[in-house]
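Peer 1: following is a predicted model, sequence given first.
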Amino acid sequence: MARYIGPKTKIARKFKDPIFGPDRSFEKKNYPPGQHGATKRRAKQSEYGLQLQEKQKAKYTYGILEKQFRNVFHKAAHKKGITGENLLQLIESRLDNVVFRLGIAPTRSAARQLVSHCHITVNGKVVNIPSYSLKAGDIIAVREKSKSMESITNSVASRINQNSWLEWDVNTLTGKFLNYPERSEIPENIKEQLIVELYSK
């Protein structure tokens, strides 16, 4: 599976936003990468350039490839409501993202690996598809054999985030997807309207 495995700080600097989480290296150099990153006077970005950058930022943030991202956008466009918000809600309902939001994994890439390696169940059945779309009421749990894994126990122990659209039982390592999150409940710094404008051309 083609995933970005290169230097993450470089990408965060490109978007001027720590999209992969807290990053000390980004804090030291929070300007674009390259030899003249801190001093070069850059030409004003075109409208298309801004829209494309926002789409790329969303793709890197959630770890989604172009074809998948486009398919999710088409689903969002055919749903009732605001297309941009629908897009983020559909992405947030992916199994790998929910595993990350529940605190079972420290990052989305780690969550994707847990799902791919059959450590996660949905409604009692093992699901190894990171892009699996959850529905309201679905139960997400750590597989019984995997509950003692050090990476999972460490991540759960340092869990901080609480999400009103998810329910979590730390004793059984079980979560519940209650509903799609409202836009105000999604903390990612993404201007979804620019993505809608890009795909509407």
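Peer 2: Received it, and whenever you're ready, just let me know what you need. Owing to the predicted nature of the structure, the values given are computational and were not obtained by experimental measurement.
Peer 1: mind checking how far the spatially most central residue of the chain is from residue 87?
Peer 2: The residue lying closest to the centre of the chain (Cα atoms, centre = their mean) is residue 62, at 3.1 Å. For residue 62, the distance to residue 87 (Cβ to Cβ, to the nearest Å) stands at 11 Å. For every residue, glycine as well, the C-beta is placed using N, CA and C.
Peer 1: residue 60 now?
Peer 2: 15 Å.
Peer 1: what's the answer for residue 46, then?
Peer 2: Remark: distance between residue 46 and residue 87 (Cβ to Cβ) = 22 Å.
Peer 1: those two - which one has more neighbours?
Peer 2: residue 87 (24 against 9; other Cβ atoms under 10 Å).
Peer 1: of all the residues in whichever strand or helix holds residue 112, which ones are buried?
Peer 2: For residue 112, the host element (DSSP states H and E) is helix 108-116. For helix 108-116, the neighbour count (16 or more other Cβ atoms under 10 Å) marks 108-115 as buried.
Peer 1: okay, strands next: where are they in the chain?
Peer 2: For the chain, strands defined by DSSP state E occupy the ranges 120-122, 125-126, 139-142, 166-169, 174-177.
Peer 1: export the ones you listed to CSV and tack on mean neighbour count?
Peer 2: Shown next, in CSV, are these (neighbours: other Cβ atoms under 10 Å):
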stretch, mean neighbour count
strand 120-122, 21
strand 125-126, 8
strand 139-142, 21
strand 166-169, 16
strand 174-177, 20
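Peer 1: okay if I get the ones you listed as a markdown table plus mean pLDDT and distance to residue 192?
Peer 2: Below are the strands of the chain laid out as a markdown table (pLDDT from 0 to 100; distance: least, Cβ to Cβ, whole Å):
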| stretch | mean pLDDT | distance to residue 192 |
| --- | --- | --- |
| strand 120-122 | 97 | 26 |
| strand 125-126 | 96 | 32 |
| strand 139-142 | 97 | 25 |
| strand 166-169 | 94 | 21 |
| strand 174-177 | 96 | 21 |
